[in-house]
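Undergrad: Can you look at this prediction? I've put the sequence above it.
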Amino acid sequence: MQPFTTHTGTIAVLADDNIDTDRIIPARYLSRVSRSGYGELLFIDSRKEDFPLNRKEAEGATILVVGANFGCGSSREHAVWAIQQAGFRCVIARATNDTPGFSDIFRQNAANCGLLLVELPPNSHEKLVAAGSGSTVTVDLPRQLVVIGGEQLHFDIAPSIKQTLVEGLDLIGTTLKHEAEIEDYERRHDAEIRPARSA
């Protein structure tokens, strides 16, 4: 996976709440055998003439700003792939005391695939929405800051997810960090079962 440290790009604002995975990538596309080609299918059933991501100011955006409870519904990594393959490095959602920014399953799929999810409280999130699509934003993961117009907006993130994103490690890469311990365990395990086999 590509490591994520600091990224500066423009935002595309789609501030609706409760956007589910079927809206992100419809179920009829999930039977594809290839993992590529999903970017062009992102929100395909919603891409009407006035859809926010169709507007000129959203072109080339690399940071997607959404509402609360994004990625709810059924579990599908394809939703994360579609977002990434459409050019987005980060998704920023609004979180309240009652509603998280992202569904739990979508959050885990994003972490596994290297997509940074940022949750901001309503007052901070509103600053991005008010700035509008096309505004330049910097996301600083090590310092856990979203910076817009010189203003720094802090966000929280699980330390384990932060570390894997900064290091660019997927689940296999994270496991291979412990390769020496795994090999040591296997040697000891083999030594323990060998006498039992020969007895």
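TA: Looks like it arrived, so ask away.

Undergrad: Run a quick neighbour tally on the spatially closest residue to residue 122 that is not a sequence neighbour.
TA: Nearest residue to residue 122 in three dimensions, chain neighbours excluded: residue 94, at 5.7 Å (Cβ to Cβ, 6 or more residues apart in numbering). C-beta coordinates here come from the backbone N, C-alpha and C atoms, glycine included. Each residue near residue 94 was counted by other Cβ atoms under 10 Å, and the total is 25.

Undergrad: distance of residue 94 from residue 9?
TA: 19 Å (Cβ to Cβ, to the nearest Å).

Undergrad: Please name every helix or strand in contact with the longest strand along the chain.
TA: Scanning the chain for the strand with the most residues, using DSSP state E, yields strand 6-14. Packing partners of strand 6-14 (3 or more Cβ pairs under 8 Å, 6 or more residues apart in numbering; DSSP states H and E): strand 63-66, helix 122-131, strand 136-140.

Undergrad: of all those, which lies closest to residue 107?
TA: Evaluated with Cβ to Cβ, these place strand 63-66 nearest to residue 107, the distance being 13.0 Å.

Undergrad: Check which helices and strands that closest one is in contact with.
TA: If you count contacts as 3+ Cβ pairs under 8 Å, 6+ apart, strand 63-66 packs onto strand 6-14, strand 90-94, helix 122-131.

Undergrad: could I get those as JSON lines with mean pLDDT and distance to residue 75?
TA: Listed next are these as JSON lines, based on pLDDT from 0 to 100; distance: least, Cβ to Cβ, whole Å:
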{"stretch": "strand 6-14", "mean pLDDT": "98", "distance to residue 75": "21"}
{"stretch": "strand 90-94", "mean pLDDT": "98", "distance to residue 75": "17"}
{"stretch": "helix 122-131", "mean pLDDT": "97", "distance to residue 75": "25"}
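
Undergrad: Mind putting the ones you listed into a markdown table with distance to residue 168?
TA: Listed next are the helices and strands packed on strand 63-66 as a markdown table, based on distance: least, Cβ to Cβ, whole Å:
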| stretch | distance to residue 168 |
| --- | --- |
| strand 6-14 | 13 |
| strand 90-94 | 14 |
| helix 122-131 | 26 |
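
Undergrad: To residue 31, which of those lies closest?
TA: strand 90-94 (25.0 Å).

Undergrad: hey, C-alpha coordinates of that closest one in PDB?
TA: Extracted in PDB, the C-alpha atoms of strand 90-94 (Å, rounded to 0.1, in the frame of the first residue of the first chain):
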ATOM      1  CA  CYS A  90      -8.900  10.400   2.100                       C
ATOM      2  CA  VAL A  91     -12.600  10.600   3.100                       C
ATOM      3  CA  ILE A  92     -13.600  13.100   5.800                       C
ATOM      4  CA  ALA A  93     -17.000  12.600   7.500                       C
ATOM      5  CA  ARG A  94     -19.000  14.400  10.200                       C
END
